[in-house]
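*Asks:* Take this sequence and fold it.
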Amino acid sequence: MSILSLNSDFRPGDICLTLASRGDGTFHWTITIPYSDSAGVKLHASNKQGPWRFLADDYSLMETLELCIVMKIGHLHSHTTEDLIRLVEALPMTVVDPFVGEEPRFTCRVWVKQAVTLLRENDILQVDARDMEKAALAWGAEHDPATVTGAPYKFYVYAD
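*Replies:* The predicted model follows:
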């Protein structure tokens with residue numbers, strides 16, 4: 001695991017993994033696609049209002065105090081945010097191959113791994129979901145103590 005760069009450049013067209021601290025060492029996992037230098041569309045699985053479901057929400061990084069890390073994992077290039085939404089919204093809200101057997105239950109983290117795998121299969125991302133997860137967990141755990149005391153998020157470039 002190596003950091004390509006650490007900075008605060010959140011750019012339109014990037015595809016980012018975002019981890020929001022729950023304050024207990026765990027995170028809410030999302031994929032965010034910026035449309036400005038401080039806001040974007042957050043793609044995620046949520047069970048806050050009943051059964052698991054896919055959501056695509058506007059997201060302000062500056063107003064999200066629990067945001068721990070933002071990790072660039074790719075770029076849209078010739079694709080659009082709508083292309084990504086169309087692909088990932090069809091993912092079932094269950095553990096699917098190749099993660100059956102290694103994931104005991106469905107979570108937002110599992111959904112992100114499955115979405116990243118789908119985007120890789122469609123030549124949108126080039127990252128391995130398991131390797132990306134390891135990096136995110138390590139960087140999230142490192143920065144989470146600062147996040148819960150009010151520190152701003154850290155931005156990492158994992159892949160262009």
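
*Asks:* Who are the contact partners of residue 137?
*Replies:* If you count contacts by C-beta atoms under 8 Å, 6 or more residues apart in numbering, residue 137 has none. All C-beta spots, glycine's among them, are computed from the backbone N, C-alpha and C.

*Asks:* helix/strand/coil for it?
*Replies:* Three-state assignment for residue 137 (DSSP: H, G, I helix; E, B strand; the rest coil): helix.

*Asks:* Show the model's pLDDT score for it.
*Replies:* For residue 137, the model assigns a pLDDT of 97.

*Asks:* ok, now residue 61?
*Replies:* Residue 61 is assigned 77 on the pLDDT scale.

*Asks:* do the one 10 residues further on as well
*Replies:* Per-residue confidence at residue 71 stands at 95 (pLDDT).

*Asks:* correct me, but it touches residue 17?
*Replies:* Yes - counting by C-beta atoms under 8 Å, residue 71 touches residue 17, with 4.5 Å between them.

*Asks:* By mean pLDDT, which helix or strand of this structure comes out lowest?
*Replies:* When each helix and strand of the chain is scored by mean pLDDT, DSSP states H and E, strand 5-7 comes last, with a mean of 44.

*Asks:* any idea which helix or strand comes after that strand?
*Replies:* As assigned by DSSP states H and E, the chain's next helix or strand after strand 5-7 is strand 14-21.

*Asks:* quick one, helices of this protein?
*Replies:* Along the chain, counting by DSSP state H, helices occupy 81-88, 108-121, 129-147.

*Asks:* From residue 74, how far out is residue 16?
*Replies:* Noted for residue 16: a distance of 9 Å to residue 74, by C-beta to C-beta, to the nearest Å.
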